[in-house]
Structure formats: structure tokens, C-alpha cells
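A.B. asks: Only the shape, not the letters, is given here:
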């Protein structure tokens with residue numbers, strides 16, 4: 001993120017910063033939550049090169065969140081002289097095919113988000129068996145090492161959910177509606193479960209991110225059916241805007257909070273319509289894996305000793321939203 005923010009930096013200056021980025025990733029991995037006894041990351045047995053990396057995510061077309069991930073990955077590729085090919089599909093079967101295609105093309109590394117881990121397991125394991133190092137990002141932390149990836153970059157969804165639930169409870173809210181926007185998304189389920197654990201009384205609502213009008217209608221209906229709901233937690237920045245409108249249309253006093261950032265979320269926080277956004281700093285989820293793959297292949301480096309590199313959770317609220325707004329506008333937050 002720092003490298004993109006300083007657009008006028010010279011290539012040599014950017015190169016000097018890369019060790020600091022790698023060090024930050026290492027510290028994050030060592031301090032972040034992971035398994036009780038994580039298996040150590042295995043370094044490759046010989047030095048290689050990284051000419052091309054395939055990034056395959058479960059992002060939906062036009063999703064502002066995943067556009068930032070893509071920006072981060074492509075910026076890292078440009079800084080390091082690596083060709084990065086980004087592809088995305090919300091269909092797990094199609095995502096698996098994209099991974100298989102990358103293996104067939106003989107890429108030097110693969111970065112993949114695993115919202116539906118079992119659907120991708122065979123493809124990820126096939127990549128590892130072919131000698132292609134894999135970094136998982138965003139979702140699938142629990143399965144990452146088991147499938148053969150050498151590191152996971154993201155935030156613990158359960159812990160992030162707990163942090164969000166605590167903040168809503170501290171705001172004096174009594175009953176929460178947690179809105180899940182993708183069926184079968186393990187990360188979304190973990191967020192809601194964590195938020196419920198920390199908050200207390202809560203219910204969940206399934207909507208479809210690809211049908212925003214219906215999502216808004218469903219949220220409105222839930223609020224009208226249960227007037228005791230005084231907190232709404234969405235798990236996606238696009239759904240957050242719909243939740244704000246649904247609260248207004250339902251005449252509900254509910255406080256709205258969300259995961260992730262976009263321009264609408266920034267303006268809603270400024271206007272007092274959103275209490276906070278959980279920021280997992282997804283630019284890092286695009287940028288850092290490219291750096292880590294290069295270090296892994298060219299210098300036999302691993303990070304974290306089997307624990308994930310944590311990019312969040314951070315929080316954006318009325319106290320820091322103005323500082324973050326310009327970065328959101330430039331596509332790095």
C-alpha cells in the first residue's frame with residue numbers, strides 16, 4: 001500500500017522498501033492467531049525463478065473489495081518484474097478450472113482465495129504436486145496448510161467477527177442481524193459466528209450479493225418483522241449501502257456496521273449512517289503474496305512458522321475515516 005501511495009517514488013526507492021514489507025509480513029505472521037501448534041512452513045529445496053504468478057479469487061465482477069486486491073497484486077508484479085494474471089469467479093467449480101489452467105500453463109506461483117475450500121482442494125493439491133508454490137489469501141485459513149499452501153495471508157474471520165460484535169455491544173445495542181451475502185462462503189459464516197459469540201442475541205439473514213435490490217428488500221423485511229433488532233452487521237461493503245437504505249425505509253433505529261471499505265461506506269461513516277467498517281486491508285492480500293512467492297522461490301524464505309500472516313482486523317470509523325478516504329479513492333484501501 002505504501003508503495004502505491006507514493007506514486008512518485010523511484011524504482012530504486014521502491015526496491016529499498018521491499019525488505020521492510022517482507023519484515024512487516026513476518027512480524028504479522030508471528031504475532032497473529034493461528035493453530036495451537038502450527039506446522040512449520042517448508043522451504044523449496046532449490047533456488048528458482050518467478051516470472052509469472054496466477055491470482056485466482058472468488059470475487060464477483062465489479063466488486064470494489066476484489067478490485068483493490070487485484071490492484072495490490074498487479075502493483076507488486078510491476079515492482080518486482082513479475083507477470084501477474086488475475087482471474088476471479090464466484091462459482092467454485094469455475095475457480096477450480098482457473099487453478100487447473102494455471103497449472104497447465106506452468107506458472108511459477110499461484111495465489112488463491114478459498115471461500116469454498118473443499119471445491120478447490122483437488123486443484124490446489126494438484127498445483128503443489130506439480131511443484132508450484134501456493135499462497136492462500138482471504139478465506140480458507142484453516143485448510144491452507146492442509147492443502148499444501150506454504151502460507152496464508154488474510155485476517156482471522158472468527159476473531160474479526162468477535163471484534164465487530166464487541167464494538168456493537170459496547171455501543172449499547174441489544175439484538176443483532178448479521179447479513180450473509182454468499183451462500184456456502186466459509187469466511188462469511190465464520191464472521192457471523194464470531195460476531196454472535198461476542199455480541200450475544202443475534203440472528204442471521206441470507207441474501208444474494210448479485211441481487212442487491214432483493215438484498216435490500218430482505219433486510220427491510222427482517223427489520224419490519226422484528227422491531228427489537230437494533231444492530232445490523234453486513235459482511236460486504238456493497239451490501240452495507242443496501243442495509244443503510246433498508247434501515248431508513250423500515251423506519252428502524254438500528255445501527256449499521258460492516259466489513260470492508262468502498263467509497264459509499266466512507267461517505268456513510270462520515271454522514272453518521274454507519275458506525276464502523278472492519279478493514280482487513282485487502283491491498284496487502286494482493287501485494288504481499290507476490291513478494292512472499294518471490295522470496296520463497298529465489299531466496300528459500302518462509303514466514304510465520306505455519307501461522308497465517310494477519311492483515312486485519314483494523315477499524316475505520318469517524319475518528320480516522322478522513323485520513324483513509326483518499327486511499328480508498330485511489331484504490332489501495
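C.D. replies: Yep, that arrived. If you're wondering where the values come from, they're calculated on a predicted model, not measured in any experiment.
A.B. asks: how much space between the spatially closest residue to residue 321 that is not a sequence neighbour and residue 65?
C.D. replies: Nearest non-adjacent residue to residue 321, counting by CB to CB, 6 or more residues apart in numbering: residue 269, 4.6 Å away. C-beta coordinates here come from the backbone N, C-alpha and C atoms, glycine included. Separation of residue 269 from residue 65 (CB to CB, to the nearest Å): 16 Å.
A.B. asks: between these two, who's got more neighbours?
C.D. replies: residue 269 (26 against 21; other CB atoms under 10 Å).
A.B. asks: quick one: which helix or strand includes the more buried one?
C.D. replies: helix 263-270 (DSSP states H and E).
A.B. asks: circling back: so the residue nearest to residue 321 makes contact with residue 315?
C.D. replies: No - counting by CB atoms under 8 Å, residue 269 does not reach residue 315; the two are 10.4 Å apart.
A.B. asks: show me what contacts the residue nearest to residue 321?
C.D. replies: 275-277, 316-318, 321 (CB atoms under 8 Å, 6 or more residues apart in numbering).
A.B. asks: same thing but at 7 Å, please
C.D. replies: By CB atoms under 7 Å, 6 or more residues apart in numbering, the contact list for residue 269 reads 277, 316-318, 321.
A.B. asks: Where do the strands of the stretch 101-250 of the chain begin and end?
C.D. replies: 109-113, 134-137, 151-154, 176-180, 202-206, 231-234 (DSSP state E, counting those that start in this stretch).
A.B. asks: okay if I get those strands as a markdown table plus distance to residue 253, mean pLDDT and mean neighbour count?
C.D. replies: What follows is the strands of the stretch 101-250 of the chain, written out as a markdown table (distance: least, CB to CB, whole Å; pLDDT from 0 to 100; neighbours: other CB atoms under 10 Å):
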| stretch | distance to residue 253 | mean pLDDT | mean neighbour count |
| --- | --- | --- | --- |
| strand 109-113 | 36 | 98 | 27 |
| strand 134-137 | 37 | 98 | 27 |
| strand 151-154 | 34 | 97 | 29 |
| strand 176-180 | 13 | 98 | 25 |
| strand 202-206 | 17 | 97 | 17 |
| strand 231-234 | 10 | 98 | 29 |
